[in-house]
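Chemist: What follows is a protein structure lacking sequence information:
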């Protein structure tokens, strides 16, 4: 199917499709800018440097997507040199953008992991205190057995039993305090990383790095795809409007040609009149002037004009640059 046939079956996208495409493109660009800002703003704590690095991140992101749009324009024009340099420039900016996205997403996932680790450390602290009390109780019970073996029950066992009672009460208080801690719900991201780590047999940090890289590249590809879609739609719309204008112009010309009445053919002069005029002109009786001939031969100017045109076509008469007639053998 030719390009003309395929374009005839396609029309420019409507407002709903364009709104959807531009919305997705804007969201992808905004997300990429935000993740790059998270990385660039953490470079320096100086407010001035934060402004400078933040502006640099925004310039890189917007420039990256514009260069990708320009790559599509150069490719459509078959400008291979421009397409090559645009692609090279985009690759550099995309590498910077992906690095920024990796840093931003990694920072967000590190926050989730640190919260989970903090909650686990608090529970581990309670468990350690409970285990320490349990060890102390075991030591007291061992000492009580020795006192019993030494028949010194009254002097030592009662004190150890009271100490164990206090320790068990303290142990119960710690358990209640530990159980009263709010359950730290596992986030979806952390659950995904834990499942992947268990499935592929890798550590949680390795899975985190690979997942962050995948999401960063996916975000960049997502934005580039929709920018390409916008560029292709704009090029098609321009071509479609140009074809519509050309078809309308052709239809208008055909309509104009159909409405113009046919021009009536000029009647040929009578042969006798032609011979008479030719005779007086060649004999030199009259000048090659339509008015003189009309007066001398009692003819109308219209009829004399037809005769002169006829003689001009036959080569008997000529016409100079001043549009005056003369015999073809004379200079003027």
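Modeler: Cool, the structure landed. Remember, predicted model here, so these are calculated numbers, not experimental data.
Chemist: Do a quick rundown of the helices in the protein.
Modeler: All helices of the chain, identified by DSSP state H, fall at 3-8, 15-40, 47-76, 80-149, 158-180, 188-200, 204-259, 271-282, 290-297, 301-314.
Chemist: which intervals of the stretch 151-300 of the chain have sub-threshold pLDDT?
Modeler: When the per-residue scores of the stretch 151-300 of the chain are filtered using pLDDT under 70, the ranges that remain are 151-158, 160, 180-191, 257-266.
Chemist: Contact partners for the spatially most central residue of the chain?
Modeler: Geometric centre of the chain, nearest residue: residue 227, 0.9 Å, by Cα atoms, centre = their mean. With contacts taken as Cβ atoms under 8 Å, 6 or more residues apart in numbering, residue 227 has the following neighbours: 25, 65, 68, 69, 72. Quick note: C-beta positions are derived from backbone N, CA and C, even for glycine.
Chemist: let's see it at 10 Å
Modeler: The contact partners of residue 227, taken as Cβ atoms under 10 Å, 6 or more residues apart in numbering, are 21, 25, 28, 29, 64, 65, 66, 67, 68, 69, 71, 72.
Chemist: Most neighbours of all the residues you listed, which one?
Modeler: Highest neighbour count within the contacts of residue 227, by other Cβ atoms under 10 Å: residue 64, with 27 neighbours.
Chemist: Tell me the spacing between it and residue 95.
Modeler: The gap separating residue 64 from residue 95 is 10 Å, by Cβ to Cβ, to the nearest Å.
Chemist: Find residues that contact each of the two.
Modeler: Common contact partners of residue 64 and residue 95 (Cβ under 10 Å, 6+ apart): residue 220.
Chemist: Just put the contacts of residue 227 in a markdown table and tack on distance to residue 317.
Modeler: A markdown table is the format used below for the contacts of residue 227 (distance: Cβ to Cβ, whole Å):
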| residue | distance to residue 317 |
| --- | --- |
| 21 | 73 |
| 25 | 75 |
| 28 | 81 |
| 29 | 79 |
| 64 | 77 |
| 65 | 75 |
| 66 | 71 |
| 67 | 72 |
| 68 | 73 |
| 69 | 68 |
| 71 | 69 |
| 72 | 66 |
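Chemist: With respect to residue 166, which of those residues is nearest?
Modeler: Within those, distances to residue 166 taken as Cβ to Cβ reach their minimum at residue 28, with 63.0 Å.
Chemist: now the closest residue to residue 171 other than its chain neighbours: how far from residue 324?
Modeler: Across the structure, with Cβ to Cβ, 6 or more residues apart in numbering as the measure, the residue nearest residue 171 apart from its sequence neighbours is residue 133 (4.6 Å). Distance check for residue 133 against residue 324: by Cβ to Cβ, it reads 134 Å.
Chemist: ok, these two, which is more surrounded?
Modeler: Regarding residue 133 and residue 324, a neighbour count based on other Cβ under 10 Å identifies residue 133 as having more, with 19 against 12.
Chemist: I figured the more buried one was touching residue 167, is that so?
Modeler: Yes. The criterion here is Cβ atoms under 10 Å, and residue 133 meets it with residue 167 at 5.1 Å.
Chemist: farthest-separated two in the contacts of residue 227?
Modeler: Greatest spacing in the contacts of residue 227, by Cβ to Cβ: 21 and 67 (19.3 Å).
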